[in-house]
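Q: the sequence isn't on hand, but the structure is:
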């Protein structure tokens, strides 16, 4: 049970230190190396990766990501790869069915080119909004997956849903097909913010859908929340967090708004003059942290919270948690395969593969019996070592040098001599603590707020001084 009476505390943050580090456009490290460093991949490269994955020792079981790019309405904050089709589903049905046919073709090609002998232990549908599909289309895609893979009896099967398009019929269909977890795009309960970003969904709508999901027997419900958008204030965030706690989701993603209007055209329609200040956004983060922890949630990684008995918290305890393009997830010991436009496969110790981003080009490629693979990255030995370091920092908020030495056969102090010198500097500024056992621990809340600055020290693709800015301040480090 979640306790509601823990003391609420909001530790003071040294703003001078905060402003020396905040404001950099640092990577979120949902992948390493970041896509900036990926290259074009041909079919032979992709097939070689799949062959190595199929025969690698030890063998890893599988996770599948399915990208459904369709939405009814455009949300101004959204940076996802999506197509807005409107509310006339009959009119858009041919386009959606054509995309599903391409998905089926990709799954077929994948089964022929990748000897899938290992069980599929995790399936996640993302978007866009997968609940744009009707119940029959959802079942069609699921059956194509079941025909291609051996889905483990205890597999975690989850879907990102838009409360505005998640009908009772669709939710019942998901449970009948074996879906176990739901992730709702809530974002904010404040009416003014909802209207401004075009994401109007009243508290009562989310409450009723949450109740329905519990009645149907979904084992876990996640809410996605965003802070730092126009018209949000510490007071409105406090109200949204309290309303969230009242509905008691099992898991919460508390994301900082990624403000990149130069890359995301829809954000240019937002009133950026009403963005909260750097210090206000810092207050919002601390409010969420204090209230969620007081309500009994475990703080996990950079921006996630979970009840102690939820699978994400258990995965943290078992060291099977990971950070990828889906956020903080379980299944850190799985090979991730991605299907659909722009989807990404992450093959452990081998490399990344990403599909064509443009939805029409993706469909045309598969209709022409061509692989949809567009680009990727072969991992170097150094990439794999640094992946492990970054994963421990982001997921565990601590780094155990002896564990890295044991896994990779390196002398940690020699391999990371420069990085350890910087860690001493970060220790002085209060971002990390280094124990007598050599374990590097990220402080809370300052180190968690500036997690990307700490991680940047271990990113070999960045400038060695990238972790620190100086005097300029604009709280974007967790965008």
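A: Noted; the coordinates are in hand. Here the structure is a predicted model, which is why all the values come from computation and not from measurement. Numbering: from 1, shown residues only.
Q: show me the contacts for the residue most central in space within the chain.
A: With distances taken as C-alpha atoms, centre = their mean, the chain has residue 327 as the residue nearest its mean C-alpha position (1.6 Å). By C-beta atoms under 8 Å, 6 or more residues apart in numbering, residue 327 lies in contact with 30, 253, 303-304. Glycine gets a C-beta too; all of them are placed from N, C-alpha and C.
Q: tell me how many other residues surround residue 438.
A: 13 (other C-beta atoms under 10 Å).
Q: picking that back up, export the contacts of residue 327 as JSON lines, with columns for distance to residue 45, neighbour count and secondary structure.
A: JSON lines is the format used below for the contacts of residue 327 (distance: C-beta to C-beta, whole Å; neighbours: other C-beta atoms under 10 Å; DSSP: H, G, I helix; E, B strand; the rest coil):
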{"residue": "30", "distance to residue 45": "22", "neighbour count": "17", "secondary structure": "coil"}
{"residue": "253", "distance to residue 45": "33", "neighbour count": "24", "secondary structure": "strand"}
{"residue": "303", "distance to residue 45": "34", "neighbour count": "24", "secondary structure": "coil"}
{"residue": "304", "distance to residue 45": "34", "neighbour count": "25", "secondary structure": "strand"}
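Q: other SSEs contacting the top helix by length along the chain?
A: Longest helix in the chain by number of residues (criterion: DSSP state H): helix 89-113. For helix 89-113, the elements it packs on are strand 70-71, helix 135-148, strand 335-339, helix 359-367, judged by 3 or more C-beta pairs under 8 Å, 6 or more residues apart in numbering; DSSP states H and E.
Q: strands along the stretch 351-479 of the chain, start to end?
A: For the stretch 351-479 of the chain, applying DSSP state E, counting those that start in this stretch gives strands covering 351-355, 373-378, 398-399, 432-434, 440-442.
Q: my error: substitute the stretch 101-250 of the chain in the last question.
A: Assigned strands in the stretch 101-250 of the chain, in chain order: 120-127, 151-161, 181-187, 220-227 (criterion: DSSP E, counting those that start in this stretch).
Q: can I get the ones you listed in CSV including distance to residue 53?
A: As requested, the strands of the stretch 101-250 of the chain are exported to CSV (distance: least, C-beta to C-beta, whole Å):
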stretch, distance to residue 53
strand 120-127, 14
strand 151-161, 18
strand 181-187, 25
strand 220-227, 28
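Q: got a markdown table for the ones you listed, with mean pLDDT, mean neighbour count and distance to residue 423 too?
A: Formatted as a markdown table, those follow (pLDDT from 0 to 100; neighbours: other C-beta atoms under 10 Å; distance: least, C-beta to C-beta, whole Å):
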| stretch | mean pLDDT | mean neighbour count | distance to residue 423 |
| --- | --- | --- | --- |
| strand 120-127 | 95 | 23 | 34 |
| strand 151-161 | 96 | 19 | 35 |
| strand 181-187 | 96 | 24 | 35 |
| strand 220-227 | 97 | 22 | 29 |
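Q: do you know which of the ones you listed lies nearest residue 235?
A: With distances scored as C-beta to C-beta, the stretch of the strands of the stretch 101-250 of the chain nearest to residue 235 is strand 220-227 (12.1 Å).
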